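> could you look at this predicted model? Sequence included:
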2 protein chains.
Amino acid sequence: MENSRTSPTAHELRVWRDFLETGDRLRSLLGARLQAESGLSTGDYAVLLALSEAPGRRLRSSSLADVIDWERSRLSHHLGRMESRGLVAREASAADSRGAEVVLTPLGASQFRRASASHLRAVQELFVEAFASDGTGGSLREVELVTRSLRLHLADG
Amino acid sequence: MENSRTSPTAHELRVWRDFLETGDRLRSLLGARLQAESGLSTGDYAVLLALSEAPGRRLRSSSLADVIDWERSRLSHHLGRMESRGLVAREASAADSRGAEVVLTPLGASQFRRASASHLRAVQELFVEAFASDGTGGSLREVELVTRSLRLHLADG
DNA sequence: ATCTCCTAGTTGACATGTCAATCATATGAG
DNA sequence: CTCATATGATTGACATGTCAACTAGGAGAT
């Protein structure tokens, strides 16, 4: 079998563009709903989610950056904005006086809880239910397979 | 069958998060490559692609916005930046003097051709080849099914 | 201690995205 | 024709993201 072409075929390219556009559309719908129903951006949500799952609802700034896979400067800017809205607070680290600990404030926690309920509903409606129908389209199992192939492929290359 | 839950199960949520993260990762890798190999952002690429596929390599500004699904103000800002780099030009429309036509410049066309070759290679390597392997993971056919389910689901809801 | 190098985090400049307001030009009702 | 309104596009203010430079504090060698 001679394969390993250097460019996609027209069909592969169409699949790619559809995949890309559909993903964009899904993100944008979910983001808009989140914003409308809770006043939080998807960035805010990612930060609050990571903090709310962390022991003590606090994380070192760089661990937080690792967890949500953001550049540190991006996180720093974003935390500044969130801090000014009272969603998180920054405290000096006891262990390493260079470090900062990011703490979820009560306000942040309560906003996150409200947002979370509505966001999970939206994920259910817009994502999960897309695969719940009859047998004509893809199933959640197929989403898993596709995602896994991609994830593994990107891990090394 | 009682279904129609209001929130995803833990498993569905994991599938969703993986799907989201993997998509982000793929976009970010492709974008970084494009930038490194051609000096164009993915936004630049979308604009140049739409123009290069248009008859006469020109489009009314609002048609262009429709084609690439951008807000008009976003497009306007972006065209300003691209114009100052000499990639596109804006001309008054003959038919409607409110309108502007966006034209691909020779420089824009040549940059796009160079970028396109390398970008297609990247799509092949990072996306298509993820599904070319043995039978353990997802195939391109499954990507199509999954995408189609999502696209149809998002179209009405 | 002091030197060098490493790590944590912030900052500033600038690119990009969104939203609401604006401007100029159509377009249709009278 | 003239007015009210709709449309095409730009603008300005501001949120967000990236990159490179910077500050400050550890950690190891001598």
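Noted; the coordinates are in hand.
> please identify the buried residues of whichever strand or helix holds A:Glu125?
Under the criterion of DSSP states H and E, A:Glu125 resides in helix A:106-126. Buried residues in helix A:106-126, counted by 16 or more other C-beta atoms under 10 Å in any protein chain shown: A:108-109, A:111-112, A:115-116, A:119-126. Bear in mind the C-beta positions are built from the backbone N, C-alpha and C, glycine included.
> how would you label A:Trp70: helix, strand or coil?
coil (DSSP: H, G, I helix; E, B strand; the rest coil).
> next up, the contacts around it.
A:46, A:78 (C-beta atoms under 8 Å, 6 or more residues apart in numbering or on different chains).
> ok, now how distant is it from A:Val88?
A:Trp70 sits 14 Å away from A:Val88, going by C-beta to C-beta, to the nearest Å.
> all strands of chain A, in order?
Counting by DSSP state E, chain A has strands at residues A:58-60, A:88-92, A:100-104.
> quick one: which of those is nearest B:Glu21?
strand A:58-60 (18.3 Å; C-beta to C-beta).
> and that closest one, what other elements does it pack with?
helix A:42-53, strand A:100-104 (3 or more C-beta pairs under 8 Å, 6 or more residues apart in numbering or on different chains; DSSP states H and E).
> that strand near DNA strand D at all?
No. Using C-beta under 7 Å from any atom of the strand, strand A:58-60 stays clear of DNA strand D, with a minimum separation of 13.3 Å.
> what stretches of chain A score poorly on pLDDT?
Regions of chain A meeting the criterion pLDDT under 70 cover residues A:1-3, A:134-136, A:156-157.
> any residues of it in contact with DNA strand C? List them.
A:28, A:32, A:60-62, A:65, A:72-73, A:75-77, A:79-80, A:90, A:93, A:96, A:98-101.
> how far away is A:Arg14 from B:Leu140?
A:Arg14 is 11 Å from B:Leu140, by C-beta to C-beta.
> comparing these two, which residue is more hemmed in?
The neighbour count for A:Arg14 versus B:Leu140, taken as other C-beta atoms under 10 Å in any protein chain shown, is higher for B:Leu140 (21 against 12).
> return the set of buried residues in stretch A:12-32.
Those would be A:12-13, A:15-16, A:18-20, A:22-23, A:25-26, A:29-31, for stretch A:12-32 by 16+ other C-beta under 10 Å.
> how about TSV for those residues, with distance to chain B added?
As requested, those are exported to TSV (distance: C-beta to the nearest C-beta, whole Å):
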residue	distance to chain B
A:Glu12	5
A:Leu13	7
A:Val15	5
A:Trp16	5
A:Asp18	5
A:Phe19	5
A:Leu20	8
A:Thr22	5
A:Gly23	5
A:Arg25	6
A:Leu26	6
A:Leu29	7
A:Leu30	9
A:Gly31	11
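> farthest pair within those?
Farthest-apart pair in the buried residues of stretch A:12-32 is A:Glu12 and A:Gly31; separation 28.5 Å (C-beta to C-beta).
> what sits against the residue sitting nearest the centre point of chain A?
The centroid of chain A falls nearest to A:Ala46 when counting by C-alpha atoms, centre = their mean (5.6 Å). A:Ala46 sits next to A:68, A:70 when contact means C-beta under 8 Å, 6+ apart.
> ok, now how distant is it from B:Glu21?
For A:Ala46, the distance to B:Glu21 - C-beta to C-beta - is 11 Å.
> what's near enough to touch A:Ser41?
A:31, A:34-35 are the contacts of A:Ser41 under C-beta under 8 Å, 6+ apart.
> run a quick neighbour tally on whatever residue of chain A ends up closest to DNA strand D.
Nearest to DNA strand D in chain A, going by C-beta to the nearest atom of the strand, is A:Ser73, at a distance of 3.3 Å. When counting by other C-beta under 10 Å, one arrives at 9 neighbours for A:Ser73.
> quick one: name the residues of chain A near DNA strand D.
So chain A meets DNA strand D at A:41, A:43-44, A:70-71, A:73-74, A:77-78, A:81, A:96-98 (C-beta under 7 Å from any atom of the strand).
> okay if I get those residues as CSV plus distance to A:Ser7?
Shown next, in CSV, are the residues of chain A next to DNA strand D (distance: C-beta to C-beta, whole Å):
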residue, distance to A:Ser7
A:Ser41, 37
A:Gly43, 35
A:Asp44, 40
A:Trp70, 33
A:Glu71, 32
A:Ser73, 36
A:Arg74, 33
A:His77, 38
A:His78, 38
A:Arg81, 42
A:Asp96, 49
A:Ser97, 54
A:Arg98, 48
